[in-house]
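Asker: with the sequence up front, the predicted model follows.
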Amino acid sequence: MGMTIGILPVGSIESKYLLPIKDGLPKILPKTTTRIVDEIVPLSPNALDKKRGQYRSNQILANIQAYAIKSGVCRILGVLDADIFVPDLNFVFGEAIFPGNSALISLWRLKPEFHGEPANAKVLAERSIKEAVHEIGHTLGLKHCQRSSCVMHFSNSIFDTDKKQILFCDECFMQAAIAIDCLK
């Protein structure tokens, strides 16, 4: 038993951004393997809100979910390098089907240079893995955690992402492990 996560490129994204996520997820999620999907999901122009200059994450997630059904993996994590949002929020780092088989993260606001800092591959990789674990956690049925150090804590800003650990708290880890054990 266990879970396989397909890392699915969305739009134009370099593979160097996908590899740390592929290698990092199995270190955090028990009984998990990962693979980068050879296919690329195009970034639909219909998802772009021209007034905001951002993409609707729910529309991108719907495209990822359609792919997940035919992919043969347990979970699909779409990764893109574009600014995304949901209604009522200025932006999101990611979104997931809760619970479900599909999740999405955006690297756009995780990049240090977005925040006026110098590019830093290590910082970007850590932030990307945190958000990937967080969104995959939602697909497993985990809710936001009140513990600010838990990876399942809601990130309202990049400071929240940097503050939390890359790991689950004990309670969230147990929930994730049970959910993964129950997968067929």
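Answerer: The structure has been received and is ready for your questions.

Asker: list the buried residues in stretch 83-95.
Answerer: Of the residues in stretch 83-95, those buried by neighbour count under the rule 16 or more other C-beta atoms under 10 Å are 83-85, 92-95. Where C-beta positions appear, they are placed from N, C-alpha and C, glycine not excepted.

Asker: contact partners of it?
Answerer: Outside stretch 83-95, the residues within contact range by C-beta atoms under 8 Å, 6 or more residues apart in numbering are 49, 52-58, 60-61, 103-106, 108-110, 131-132, 134-135, 155, 161.

Asker: now stretch 48-66
Answerer: Residues lying outside stretch 48-66 but in contact with it, judged by C-beta under 8 Å, 6+ apart, are 8, 10, 41, 43-44, 46-47, 76, 78, 80, 82-86, 91-92, 94-97, 100-104, 106.

Asker: so what's the spatially most distant residue from the centre of the chain scoring on pLDDT?
Answerer: The C-alpha centroid of the chain is most remote from residue 51, which lies 25.1 Å away (C-alpha atoms, centre = their mean). You'll see residue 51 listed with a pLDDT of 96.

Asker: picking up where we left off before, which pair in the buried residues of stretch 83-95 spans the largest distance?
Answerer: Every pair in those was compared (C-beta to C-beta); the two farthest apart turn out to be 83 and 95, at 13.1 Å.

Asker: average pLDDT across the helix or strand harbouring residue 132?
Answerer: Secondary structure from DSSP states H and E places residue 132 in helix 121-139. Model confidence over helix 121-139, given as mean pLDDT, is 98.

Asker: mind starting the numbering at 12 from now?
Answerer: Renumbered: residue one is now 12, and that last one reads helix 132-150.

Asker: how about that helix as CSV, C-alpha atoms only?
Answerer: Once side chains and other backbone atoms are set aside, the C-alpha atoms of helix 132-150 remain, and they are given as CSV (Å, rounded to 0.1, in the frame of the first residue of the first chain):
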residue,chain,number,x,y,z
ALA,A,132,17.2,27.9,-5.3
LYS,A,133,17.4,26.4,-1.8
VAL,A,134,14.8,28.8,-0.4
LEU,A,135,12.5,28.2,-3.4
ALA,A,136,12.9,24.4,-3.1
GLU,A,137,12.0,24.5,0.6
ARG,A,138,8.9,26.7,0.1
SER,A,139,7.8,24.6,-2.9
ILE,A,140,8.0,21.4,-0.9
LYS,A,141,6.1,22.9,2.0
GLU,A,142,3.3,24.1,-0.2
ALA,A,143,3.3,20.7,-2.1
VAL,A,144,3.0,18.8,1.2
HIS,A,145,0.3,21.2,2.4
GLU,A,146,-1.8,20.8,-0.7
ILE,A,147,-1.3,17.0,-0.9
GLY,A,148,-2.4,16.9,2.8
HIS,A,149,-5.7,18.5,1.8
THR,A,150,-6.2,15.8,-0.8
